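Trainee: Structure, please.
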Amino acid sequence: MSADLVPTTLRPEPPPGTHPFALSVARAMGTVVVTAHGRLDAATASRLDDTLSDLIDGQGNLTLDLDLYDADAVEFASLVVLVAWNAAVAGRGGVLSFADPNRSVIDALEDAGLGAAIILTRSRTLRSVPAAGRDRDPDERRRTSMADHPARLAGFDR
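Mentor: Here you go, the predicted model:
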């Protein structure tokens, strides 16, 4: 047996501050919570679309929070998916909101016209301490926009 082994190609570690892409689904107080990790880009847009399609069209859920705390970025292909599902849910009398994104994700969502659907429920600097807004009525949180809370954006970048 030869000592010359062919090395296997290892998946490189993601850069600091990034996460591998993953989606998870949970239910909390009548709301479906979809948690996104990593980059929402062209490569992940179809999985995001399939997940939202199943939850909204397949299961009939009309109150959804997309938790973007661990989302590193949202690119055009995924923004198209989010805009379409936001409109579809709103057209059926429901709410699709985007929770706790970082500054670059906030900018992308606002540029896509989704700024009113952004909610902030926890601190970007100390994850275990909930923001005061978490204790409010969920419907009230959904009616607020980033413009209503400019002071909460201070130090919002990761």
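Trainee: Does anything pack onto the longest helix along the chain? Which helices or strands?
Mentor: In terms of residue count, the longest helix belonging to the chain (DSSP state H) is helix 76-91. Using 3 or more Cβ pairs under 8 Å, 6 or more residues apart in numbering; DSSP states H and E as the contact test, the elements touching helix 76-91 are helix 42-53, strand 63-74, strand 95-99, helix 103-111. Every residue, glycine included, has its C-beta placed from N, CA and C.
Trainee: Point out the other elements, helices or strands, that the last one touches.
Mentor: In this case it means helix 103-111. strand 63-74, helix 76-91, strand 118-119.
Trainee: mind listing what the first one pairs with, with the direction of each?
Mentor: With DSSP bridges as the test, strand 63-74 is paired with strand 31-40 (parallel), strand 95-99 (parallel).
Trainee: next one: the last one
Mentor: Each strand pairing with strand 118-119, determined using DSSP bridges, is listed with its direction: strand 95-99 (parallel).
Trainee: now the strand it pairs with: mean pLDDT?
Mentor: Model confidence over strand 95-99, given as mean pLDDT, is 96.
Trainee: buried stuff in that strand?
Mentor: For strand 95-99, burial by neighbour count (16 or more other Cβ atoms under 10 Å) applies to 95-99.
Trainee: Can you lay out those as CSV showing distance to residue 24?
Mentor: Formatted as CSV, these follow (distance: Cβ to Cβ, whole Å):
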residue, distance to residue 24
95, 20
96, 17
97, 17
98, 16
99, 14
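Trainee: which ones are touching residue 64?
Mentor: 31-34, 52, 55-56, 89, 94-97 (Cβ atoms under 8 Å, 6 or more residues apart in numbering).
Trainee: Among those residues, name the buried ones.
Mentor: Looks like the contacts of residue 64 have 31-34, 52, 55-56, 89, 95-97 buried, using 16+ other Cβ under 10 Å.
Trainee: From the residues you listed, pick the one nearest residue 20.
Mentor: Of all these, residue 20 sits closest to residue 34, with 16.5 Å by Cβ to Cβ.
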